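1. How does the following fold in three dimensions:
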Amino acid sequence: MTQTVNSVAQDPPNQASAFRLWVNNIWMANREERLIYGQDPATMKQYWDTYKYWLKREYKHQRSK
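-> Next comes the predicted model:
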């Protein structure tokens with residue numbers, strides 16, 4: 001019995017994109033920085049709502065290097 005081989009690797013549906021992982025790392029760094037300065041850390045939703053345009057622009061800028 002032969003098995004079909006798909007030449008295109010597909011990501012599992014629950015795997016996060018590179019952008020999402022990058023945003024998560026930036027958010028975690030922001031949480032740590034806020035804690036160092038005695039501020040309450042923002043939730044991911046609060047952080048995204050505040051910085052989404054900057055995050056998108058910065059990600060594109062870093063990818064273009």
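2. pLDDT weak spots in this protein?
-> Low-confidence segments of the chain, defined by pLDDT under 70, are located at 1-13.
3. Kindly recompute the last result at 90.
-> The model of the chain has pLDDT under 90 over residues 1-16, 65.
4. Next one: W48 from S64, what distance?
-> In this view, W48 and S64 are 22 Å apart by CB to CB, to the nearest Å. (Glycine included, C-beta is placed from N, CA and C.)
5. hmm, I was thinking of Q39
-> 32 Å.
6. Those two: which is more packed in?
-> Q39 (10 against 6; other CB atoms under 10 Å).
7. which SS state does that one fall under?
-> Reducing the assignment at Q39 to three states with DSSP: H, G, I helix; E, B strand; the rest coil gives coil.
8. can you check A16 too?
-> When states are read from three-state DSSP, the local structure at A16 comes out as coil.
9. What is the burial count for it?
-> Every residue meeting other CB under 10 Å relative to A16 is counted, giving 11.
10. again, but for Y51
-> Applying other CB under 10 Å, we find 17 residues neighbouring Y51.
11. same check, this time on the one 4 residues further on
-> A count of neighbours around L55, defined by other CB under 10 Å, yields 17.
12. Please, which helix or strand holds it?
-> Assigned by DSSP states H and E, L55 belongs to helix 44-63.
13. residues touching T43, list them.
-> Applying CB atoms under 8 Å, 6 or more residues apart in numbering, we find T43 in contact with no residue.
14. just to revisit the earlier point, list of residues touching the helix holding L55?
-> Contacts to helix 44-63, defined as CB under 8 Å, 6+ apart, come from residues F19, W22, V23, N24, I26, W27, N30, A42.
15. could you redo the last one with a cut-off of 6 Å?
-> F19, W22, V23, W27 (CB atoms under 6 Å, 6 or more residues apart in numbering).
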